[in-house]
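Enquirer: Let's see this in three dimensions:
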Amino acid sequence: EAAAVRAALGAFRAAMDDDLNTPRAYAALFKLVKAAEGGLKAARREEKALDAAQAAAALSAMEEMDQVFGFFYEPEAPWMAKPKQGAAADASADGVDVAALPGDVKGLIESRAAAKAAKDWAEADRIRDELVSKGFAVKDAKSGVVVTRV
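Expert: Modelled structure (predicted):
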């Protein structure tokens, strides 16, 4: 598996050096993912522990490749967006700490974001009104959703 990591990383770097040949770079990434998955399945099948050094090498190579592609990230929930400096920062000066929000309020904020993404404006407005009835106001800003107590 170490040879597969070296080969995939070498192929990726060569593709990037070849006028940013992204199809070849994607192929190298997915070849590495397939090799890592094969190693994981083999370890499970044989009921052996996964070789930590090989797993770390594969992860490190994937992270290097990801510096180009940006696949492996966790998107922030819309209300967790950090406000920008200026007007948006002023609007969030009294913002609520997201960690302190009750679970049902977080769920409503997620549902409102989904409704807005689906362009279901009536549902988004209904959820906004429900949030107000629970004591929270949401304001859409360029930096994301700002939640405040009312």
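Enquirer: buried sites along the one helix or strand Ala27 maps to?
Expert: Counting by DSSP states H and E, the element that carries Ala27 is helix 22-45. Across helix 22-45, burial judged by 16 or more other CB atoms under 10 Å covers 25-26, 28-29, 32, 35-36, 39. C-beta here means a position set from N, CA and C on the backbone, and glycine is covered the same way.
Enquirer: I'd like the next helix or strand past it.
Expert: Once the chain leaves helix 22-45, the next helix or strand it forms, by DSSP H and E, is helix 52-69.
Enquirer: Quick one: distance of that following helix to the chain centre.
Expert: Offset of helix 52-69 from its chain centre (CA atoms, centre = their mean, to the nearest Å): 17 Å.
Enquirer: Ok, stretch 4-16 next?
Expert: That offset, for stretch 4-16, works out to 25 Å (CA atoms, centre = their mean).
Enquirer: Need the contact partners of that stretch.
Expert: 21-25, 27-29, 31-32, 35, 54, 57-58, 61, 64-65, 68 (CB atoms under 8 Å, 6 or more residues apart in numbering).
Enquirer: 7 Å instead?
Expert: For stretch 4-16, contacts defined as CB atoms under 7 Å, 6 or more residues apart in numbering pick out 21, 24-25, 28-29, 31-32, 35, 57-58, 61, 64-65, 68.
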